[in-house]
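>>> Sharing a model that was predicted from the sequence below.
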Amino acid sequence: MIILDTSISKLNKVAASQAKKLKNLGIRTVRDLLYYYPFRYDDFSQVSKISELKPGTKASIQGRVDLISNKRSLRKRIIITEALISDDTGSFKALWFNQPFLTNSIRIGDFISLAGKVDTDFYGIQMKSPSWEKIYHKLENQDITEKDIVHTRELVPIYHLTYNLTQKQIRFVISSVIKAIEQINDWLPEEVRNKYNLIGLQSALIKVHFPDNKNEIEKARRRLKFDELFLIQLQSQVSKLQIQSYKGISIEFHQKPIKQFIKSLPFELTKAQKKAIWEIILDLKKQKPMNRLLEGDVGAGKTIVAVIASYNVILQGYQTILMAPTEILARQHFENISKMLSNFGVKIGLLTKSQRIVSLTPFRKDNKSKKEMLNLIKNGELDFIIGTHALIQKNAKFKNLGLAIVDEQHRFGVEQRKELRSKSYNFIKGNNSKDTEAKKIMPHFLSMSATPIPRSLALVAYGDLDLSILDELPKGRKLIKTFIVPEDKRLDTYNYVREQVKKGKQAFIICPLIEPSDKLGVKSVKEEYKKLKKNFFPDLEIGLLHGKLKIQEKEEIMQKFLANKIKILISTSVVEVGIDAPNANIMIIEGADRFGLAQLHQFRGRLSRGAEQSYCFLFSDSLNASSLERLSALIKSNNGFELAEQDLKFRGPGQIYGTLQAGFSELNIADLSDHLLIKQAKEALEDLSKQDPTFKSWPELYKIIKVKAEQTHLE
C-alpha cells in the first residue's frame, strides 16, 4: 500500500534515476508529489481534425499510424523518429528526436492521441515532439478509456521540470499515486470552508492535477492558495506567541545622552525617523522582547534609526550586534557607525569571514586575530559588533546581548535568524543556569529592509513582526532625474558621463549578466567592460564588479571607487543594496526591461547620497509597449512603495519578491498579490482564535499548529 510518507524511490514504477531527478525538485515522498502543483495548463479540450490544423497553434489530434520509422540525421548526428498519422480528413507528419525506442511502442495500425504545437515545412503540416498516448491497437484489440488519456486530452497540467525529466513522466508518477490523497484529512474547519466557499482539500488536490474543466482549476487553486496564506499567518502567530513567552530586557530611555548624540548629527531627523525611534524606544522599555521590522524606502535613513536604538541599549550596559548579508555592506556599516559614535566612548568591532577590526577611539582601528576578536566579544569588551554570518558561528558568544539587528533581513533564511536569536538568549541563560527565569530571557530584535513592500503585503510577509515604516526622505535630498534613452542617444550619454567625470564625479553602469549570453541577447559586465575601456573611456580608470569575484577583490574595488580612484564602476546587481558612494551622481542601467521597478529603484538609490543632482539613464533592448510603459513609471515616481504597487500590476509578486517569497517554503501556489484571499485567511484565523485561542476544538488544525510550533521553536 502506498502511504503519504512513502519514499519516491520505493514506488514500483519509478526508477532510481527518475527518483533522483524528482529529488532535485524537492520531491522525496508521495506527499511531496501530491503537493507539487502545475504552474499552468495546456487546453486540448477540443479534438481537431487534421484538415483543421493551422501552423503556430496548439492542437489535440486523434488518428491512425500509417507509417513509422527511424532515420539518422548526418548533419546533427541525431536520430529522428517519423510517423505518418491520418484520419478521415487528411494526414500529417509527427517527429520525435533521439527517441528511437518509440518504434517499439508505436506501431503501424495504432490509433493514437497526440497534442502539441502545429508546425509546417516544405512537405506540409507537422508536429515536433508532440505528447502522445495510445488509444487502440487492432492486433491487441484493447481499448484505452478516455480517463486513461492524461497527456493529450482536455486540460493537461504543465509542471516545472529538471534536466532529463519530461512532463509525461511526472504526470504518470502523480497519476499512479493519486489515490493516496484519500489519506489526507481536511484540517480546515468546516465553518471556514462554508463561510468562504472553499472546496474540500482532497477534491482540490485531485482537481489541481487532473481537472475536467477550467472552473475546477479555479476552485482547486483558490482552496490551495487559501491554505497557504492561512498557514503563513498561522506560522507568524505561533512565532509571535513563542517570542512573547520569553522575558525581555527592559531598557530605559536615556534621554539626555540620546539628545546629545542626535544634536551631533550633521543632519536633521525626519518625522518618520522620529516616529520609528519612539516606537522602538517604547518597545525596548517593555519586559517582552521587541520583534520589529523597520522598513524604509531607499535613502530614508534606516541605519541612523538603528544606531540611536543601539546607543540607547549600550548606555544601559548591554551589547548590540548588527548582521549584514555581505562583507561590503558590513564594512560600510562599520566605517559609518564608527564615525558617528567616535566621540561617545562606544567600542565597535567588525567580524566577518576575512576581516576582524576594532575601533576604540576616533581614527584608531586595530586588526585582530579571530581568537582575539571572539574573546573581546565574549568578555564584553566590545559594545557594538557588526558583521556577517560570522556572528552566528559556533564560537561567537556574547556576554550580555541586549539588541540584535538584521539588515536586509529577507536575504537571511529563517534558520539563520533563529540561530542569531539562539546565540543571544543561550548565552544569557548560561550566566545563571540555576535560575529558571533566566532561561527565558531574550534580547530585543530589530529587522531592517529596504525592499519596498506595500503595508498590506508586509503584514502577511512579516506577520510576526511589528511594523515601522520610513516613507519620507531626509531634507535637502534631491530627487533623481530618470530618463529612458533611445539607442541613437547612447554616445551622447557616454559624453555626458565623461563631462561629469572631468568635474570630479563618478558613475555606475549596471548590466544584467556576468558572462555574455547569445540566447538571452543581454549585455554582460565583462563584455561591456572591455568595450567601454577600449572604445569610449580608454583614458579613465574603470572598475569591474560582480558576484563571482573573491570577497577581497570586491572589497578592494569598492574601496578604490569610494576613494574616487575608480571613476566608472561597471557592475551587476551586487550594488543593489547598501553601497553608498556620495560622489557618484550618474547611473546607466543596461537591459533595464530585464529588472523589476522595485529593483531599478534600489539601483538608483545608490545615487543622491551627496548634495549634487543625480541622473539615471535607462537603456532597453525591448520595443515592447508594455515594457516601455512600465519603465515610464520610474520616471514619474521616486517613491519605492508606489513603484512596488506598480510592479505588482505589471509583473506579479513572484518576480518582484522572489527572494522574499523564498523564505516561505509553504508558498507554492499562492502569491503576495492575492489581496482578497490574504484578507479572508487573516479574518478566518482571527475568528478561530477568538472562539478558541488554543485551537484544540479543531483536532486536525491543532496537529498542524503543534508541527508549526516545533518548526519555529527558538531553542
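It's in.
>>> Break down the stretch 551-700 of the chain into its strands, ranges please.
Ranges of strands within the stretch 551-700 of the chain are 568-571, 584-589, 615-618, based on DSSP state E, counting those that start in this stretch.
>>> how about JSON lines for those, with mean neighbour count added?
Heads up, the C-betas are built off the backbone N, CA and C, glycines and all. JSON lines is the format used below for those (neighbours: other Cβ atoms under 10 Å):
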{"stretch": "strand 568-571", "mean neighbour count": "26"}
{"stretch": "strand 584-589", "mean neighbour count": "25"}
{"stretch": "strand 615-618", "mean neighbour count": "24"}
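>>> Any chance of a markdown table for these, columns distance to Asn367 and mean pLDDT?
What follows is the strands of the stretch 551-700 of the chain, written out as a markdown table (distance: least, Cβ to Cβ, whole Å; pLDDT from 0 to 100):
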| stretch | distance to Asn367 | mean pLDDT |
| --- | --- | --- |
| strand 568-571 | 27 | 90 |
| strand 584-589 | 29 | 90 |
| strand 615-618 | 38 | 92 |
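>>> Distance to Thr352 for those - can I get that in TSV?
TSV is the format used below for the strands of the stretch 551-700 of the chain (distance: least, Cβ to Cβ, whole Å):
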stretch	distance to Thr352
strand 568-571	20
strand 584-589	24
strand 615-618	31
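>>> Which of the ones you listed sits closest to Ile258?
Between Ile258 and the strands of the stretch 551-700 of the chain, the shortest gap by Cβ to Cβ is with strand 584-589, which sits at 32.3 Å.
>>> Tell me the helices and strands packed up against the longest strand that the chain contains.
Scanning the chain for the longest strand, with DSSP state E as the assignment, gives strand 58-73. On a contact count with 3 or more Cβ pairs under 8 Å, 6 or more residues apart in numbering; DSSP states H and E, strand 58-73 meets strand 40-44, strand 47-48, strand 78-87, strand 90-97, helix 102-105, strand 110-121.
>>> what do you get if the cut-off is 6 Å, keeping everything else the same?
When contacts are defined as 3 or more Cβ pairs under 6 Å, 6 or more residues apart in numbering; DSSP states H and E, strand 58-73 packs onto strand 47-48, strand 78-87, strand 110-121.
>>> To Asn70, which of these lies closest?
Nearest of these (Cβ to Cβ): strand 78-87, 5.3 Å.
>>> With distance to Ile678 as extra columns, can I get the helices and strands packed on strand 58-73 in JSON lines?
Below are the helices and strands packed on strand 58-73 laid out as JSON lines (distance: least, Cβ to Cβ, whole Å):
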{"stretch": "strand 47-48", "distance to Ile678": "40"}
{"stretch": "strand 78-87", "distance to Ile678": "48"}
{"stretch": "strand 110-121", "distance to Ile678": "36"}
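>>> May I have the beta-bridge partners of the closest residue to Ala507 other than its chain neighbours?
Counting by Cβ to Cβ, 6 or more residues apart in numbering, the nearest residue to Ala507 once its immediate chain neighbours are dropped is Ile586, at 4.0 Å. Beta-bridge pairing for Ile586 (DSSP bridges): Ala507, Tyr615.
>>> from memory Ile586 sits against Gln506, does it?
No. Ile586 is beyond contact range of Gln506, at 7.6 Å (criterion: Cβ atoms under 6 Å).
>>> And stretch 31-38, end to end?
Counting by Cα to Cα, to the nearest Å, you get 15 Å between the two ends of stretch 31-38.
>>> meant to ask about stretch 470-489, not that
Stretch 470-489 has an end-to-end distance of 37 Å (Cα to Cα).
>>> Assign a three-state SS to the closest residue to Ser449 other than its chain neighbours, would you?
Closest residue to Ser449 apart from its sequence neighbours, by Cβ to Cβ, 6+ apart: Glu295 at 5.1 Å. The local conformation at Glu295, judged by DSSP: H, G, I helix; E, B strand; the rest coil, is strand.
>>> Which residue ranges of the stretch 451-600 of the chain form helices?
455-461, 490-502, 525-531, 551-562, 597-604 (DSSP state H, counting those that start in this stretch).
>>> What's the mean pLDDT across the second one?
For helix 490-502, mean pLDDT rounds to 93.
>>> Which residues does stretch 480-500 contact?
If you take Cβ atoms under 6 Å, 6 or more residues apart in numbering as the criterion, stretch 480-500 is touched by 507, 536, 586, 604, 607-608, 614-619, 631, 634-635.
>>> Nearest to Val192 among these?
Leu634 (41.3 Å).
>>> For the closest one, list the residues it contacts.
Thr482, Leu597, Leu600.
>>> count of residues packed around the first one?
The number of residues packed near Thr482 is 24, by other Cβ atoms under 10 Å.
>>> Let the chain start at 47 from now.
Got it, first residue is 47 now, which makes that one Thr528.
>>> And for it, nearest residue in space, chain neighbours not counted?
The nearest residue in space to Thr528 (Cβ to Cβ, 6+ apart) is Cys662, at 4.4 Å.
>>> Give the ranges of residues in the stretch 447-596 of the chain that sit below the confidence cut-off.
Scanning the stretch 447-596 of the chain with the threshold set as pLDDT under 70 gives 455-486, 497-508, 522, 560-569.
>>> which residues of the stretch 147-296 of the chain fall in strands?
156-167, 170-174, 177-183, 188-189, 200-204.
>>> what is the rounded mean pLDDT of the second one?
Averaging the model's pLDDT scores along strand 170-174 yields 88.
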